[in-house]
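**Student:** I'll drop the sequence and a predicted model, then ask my questions.
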Amino acid sequence: MTTNATAFQPLLDSIAEEAPVYYGQGKVNSSIPGLARVDPKQFGIAIATLDGGVATAGAAKVPFSIQSVSKVFSLCLALDYMGEDLWTRVGRNPSGQRFNSLTRIEQEQGRPMNPFVNPGALVVADCLVERAATPIHTLIGFLRKLAHSQRVGCDYDVAKSELSTAFRNYAAASLLKEYGNLHGDPRAVVGAYTHFCAASMTCVELAKAALPFANDGKDPKTGRQVLPPGRARRVNSLMLTCGLYDAAGDFAYRVGLPAKSGVGGGIMAIVPNRMAIAVWSPELDPLGNSVAGFAALERLTRDGDLSVF
Ligand code: GLU
């Protein structure tokens, strides 16, 4: 079945119209000074379909900080470098702890529960620091290729501001180093990781970059296999189980799609064999997910019949 983006336009318009209902119900991330300055009352959504179509509503062309959504893309690069050996250093199960918790590192003897909690993403970043000449350029290059946009870049001000307050990530990296699961210098690894999180993209760019995950790794525009066969299926399974912080179960119940969120207020979601979706609204619920973004995806999958279940 081919999905046509324009058929979803009325639904996207209606979702964007409804978004202000959720304004004020969450809080913009305040732990990263560069994000606290963002106007909270914004909402954008974009879908990109396998036939090359794109439909948008609201602020879909406003760049935002993708934060933890970057963990999906850095994971793919680390898997390119290390293959299945990566899983000797990082697990594939939900952590049951906050994304930046140090407790689990101790409990698991230095092997993070999954690549989407901060300790796991730090191990992933370590793989890139070890093998890429300039890890942030490698990541941005990958995002530009997937999104077909040279505009995608790193917001160095956001990265710099986060580095001034990244004590918990420094602590996590130091603990991982102590357990022998970080090869590089903890400061260099946190530096690379923080710059990955500061990647700046619009909903349109993010939806396009996510599209190969809906198409078994093929870029529908060029026909090129941009992720090795099987990679999308596996990374999607991690997104479904570990992609929404401690709300992955609730998200699977209410939305029913593999997805990854970030504290910048973005959520990227995959509808296998049909489309990719990016939604953004900066105000977050207590678990760190965009309030309006979560609600938008719930309505889109319900009214658009897009859940994988
Ligand atoms: N850079 C943020 C941190 O490390 C990312 C958090 C997130 O989006 O989950 O805390």
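**Tutor:** Arrived safely.
**Student:** Return the list of helices and strands in contact with the helix or strand where residue 235 lies.
**Tutor:** Element membership for residue 235 (DSSP states H and E) is helix 231-242. Judged by 3 or more CB pairs under 8 Å, 6 or more residues apart in numbering; DSSP states H and E, the packing partners of helix 231-242 are helix 70-82, helix 248-254, strand 259-261, strand 266-271. Using the backbone N, CA and C atoms, a C-beta is placed for each residue, glycine as well.
**Student:** Just want the angle from it to strand 266-271.
**Tutor:** Helix 231-242 runs at 120 degrees relative to strand 266-271, counting by axes from the mean of the first three to the mean of the last three CA atoms, to 10 degrees.
**Student:** what residues does helix 231-242 touch?
**Tutor:** With contact meaning CB atoms under 8 Å, 6 or more residues apart in numbering, helix 231-242 is reached by 72, 75-76, 79, 92-95, 113-117, 212-217, 227, 248, 252, 257-260, 270, 272.
**Student:** Can you pull the residues of this structure lying near the ligand?
**Tutor:** 67-68, 99-100, 118, 162, 169, 197, 262-263, 288 (CB under 6 Å from any ligand atom).
**Student:** need those in CSV with neighbour count and secondary structure, can you?
**Tutor:** As requested, these are exported to CSV (neighbours: other CB atoms under 10 Å; DSSP: H, G, I helix; E, B strand; the rest coil):
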residue, neighbour count, secondary structure
67, 25, helix
68, 23, helix
99, 21, coil
100, 17, coil
118, 26, helix
162, 23, helix
169, 24, helix
197, 29, helix
262, 28, coil
263, 25, coil
288, 21, coil
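**Student:** Hmm, which of those is lowest in pLDDT?
**Tutor:** pLDDT is lowest at residue 99 among the residues of the chain next to the ligand; the value there is 77.
**Student:** In contact with that residue, which residues are there?
**Tutor:** 68, 116-118, 245, 288.
**Student:** give me the beta-bridge partners of the residue nearest to residue 63 when sequence neighbours are not counted?
**Tutor:** The spatial neighbour of residue 63 that comes closest, neighbours along the chain excluded (CB to CB, 6 or more residues apart in numbering), is residue 200 at 4.5 Å. With beta bridges defined as DSSP bridges, residue 200 has these partners: residue 65, residue 153.
**Student:** Report how many residues lie close to residue 200.
**Tutor:** As a burial measure, residue 200 scores 19 neighbours (other CB atoms under 10 Å).
**Student:** Confirm for me that it is in contact with residue 153.
**Tutor:** Yes: at 5.9 Å, residue 200 counts as touching residue 153 under the criterion of CB atoms under 8 Å.
**Student:** Give me whichever of the helices and strands packed on helix 231-242 is most buried.
**Tutor:** strand 259-261 (a mean of 30; mean count of other CB atoms under 10 Å).
**Student:** Quick check: which helices or strands does it pack against?
**Tutor:** helix 231-242, strand 266-271.
**Student:** what's the angle from the last one to helix 70-82?
**Tutor:** So the one you mean is strand 266-271. 60 degrees.
**Student:** Next one: the closest residue to residue 53 other than its chain neighbours, what pLDDT does it get?
**Tutor:** Leaving aside its chain neighbours, residue 53 sits nearest to residue 5 (3.2 Å; criterion: CB to CB, 6+ apart). Note on residue 5: pLDDT of 95.
**Student:** ok, residue 5 - contacts?
**Tutor:** Contacts for residue 5 (CB under 8 Å, 6+ apart) come out as 47-49, 51, 53-55, 275.
**Student:** In PyMOL, how would I select the buried members of those?
**Tutor:** To isolate the buried members of these in PyMOL, using 16 or more other CB atoms under 10 Å:
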select buried, resi 47+48+49+53+54+55+275
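**Student:** Include secondary structure, distance to residue 284 and pLDDT when you put the contacts of residue 5 into a markdown table, please.
**Tutor:** Listed next are those as a markdown table, based on DSSP: H, G, I helix; E, B strand; the rest coil; distance: CB to CB, whole Å; pLDDT from 0 to 100:
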| residue | secondary structure | distance to residue 284 | pLDDT |
| --- | --- | --- | --- |
| 47 | strand | 22 | 98 |
| 48 | strand | 24 | 98 |
| 49 | strand | 28 | 97 |
| 51 | coil | 33 | 94 |
| 53 | coil | 30 | 96 |
| 54 | strand | 26 | 98 |
| 55 | strand | 25 | 98 |
| 275 | strand | 25 | 98 |
